[in-house]
Structure formats: C-alpha cells, structure tokens
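# for reference, the sequence and a predicted model appear below.
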Amino acid sequence: MTTNTNTNAAQTRTQDQPQDQDRTRTRTHEEHPPAGRLDYARTVPKVLRAMIALDAAAREGLAPALVELVHVRSSQLNGCAYGLDMHVKDARKAGESDERIYLLPVWHEAPEGVYSDRERAALALAEEITHIGGGVSDAVYGRAAALFEEKELAQLISLCFTINAWNRINVATRKAPGTR
C-alpha cells in the first residue's frame, strides 16, 4: 500500500501556518466544517424561513444583475466563500459577463462603461454598509439617492443588510461552497 507524501506534506504546511485574522484577506478553511459547527437550517428553521422571506422582499423591484453584483461584492468583502461561490454562479445565470465579475474587487478602477452609474452607486453603498464602522458617507448616500427612486434605494439598503446577515451566518457556521 502506498501513501501520498505530497498530500501529507501539504496538510502539515497548512496546519502549521497561522490563520490570517484580517477579514479583507482570503481565509483558509477545512474542506468540511469542523465537528461542533451547527447545521443552521436544521437548528433554527424559523429564523431561516424569516431570512429567506427577508431576502425575497429585499430583492423586489431591483434588477437581478444588480442584485447579484451587490451580493458578490459583499461576499468578497466579508470573506464568505459560500456566498461568493453561490452568487457568482447566480450572476452568470442572470447574464453577467466574466469580465464584470472578475473586475468587481477593483470596480473603482474599471474603465468607463464596464459598470453603469447606478451599479457604481450601488456598489459604493454596499461597500460602506458592509464596512459600517464609519457609517455611510453623505457623498455615497447622496449619489445613490440621486440615481435610485426612494423605494429602490430602500430596497437596495435592505439588500445590503440582508446579504451581510447571510454572509455572517455562513462564515460563522463555515458553510461549504457548492452546497445548498
């Protein structure tokens, strides 16, 4: 019987490396959640149903492509592998191009025409809501308010806090990418 020493060496290196605590960097997690992590859906089904209803209500009236851009960007910022995997797939289903998905981490630097003014305003708002420590600046809020009707803006804010809640659930429970 032979063993794969390369796999064992890689596992040893991963275990010996300190975990990065900076939320803006990529996290490394085990392939499966460690023992003791709960199955959120099974444990609190009433809360899960409420989250699903909130998510559906938050999306109302917003273009599916815009919803997915906000979801992908927020999931990137939150280091949520599950959310990023899910929403990149959903963005592609909604017709998003690979170029626009790949440029999301640097959307500020993307050439004119890659993202519309409304998308840029939504992404800026999503970033400030995700990093709420400093609040949402008047400039970012004002730009979004100028480009979205009042109800759309309320929906967009709801979309942002909902994806942040989902991301926090998934990060806390280490929900594995590719699972539903």
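Structure received. Numbering: from 1, shown residues only.

# so which residue is smack in the middle of this structure?
residue 75 (1.5 Å; CA atoms, centre = their mean).

# ok, that residue touching residue 90?
No - counting by CB atoms under 8 Å, residue 75 sits too far from residue 90 to count as a contact (10.8 Å). No exception for glycine: its C-beta is placed from N, CA and C like everyone else's.

# rewinding a little: please, which helix or strand holds the residue nearest to the centre of the chain?
Assessed by DSSP states H and E, residue 75 sits inside helix 64-78.

# contacting residues around that helix?
With CB atoms under 8 Å, 6 or more residues apart in numbering as the test, helix 64-78 has contacts from 23-24, 59, 83-84, 86-88, 90-91, 94-96, 100-101, 104-105, 107, 115, 118-119, 122-123, 126-127, 130-131, 156, 159-160, 163-164, 167-168, 171.

# repeat that for stretch 88-99.
By CB under 8 Å, 6+ apart, stretch 88-99 touches 64, 65, 67, 68, 69, 71, 72, 101, 114.

# run through this structure and note the low-pLDDT ranges.
1-36 (pLDDT under 70).

# which parts of it are helices?
For the chain, the helices defined by DSSP state H occupy 5-16, 40-43, 45-59, 64-78, 81-93, 98-103, 117-130, 138-147, 150-173.
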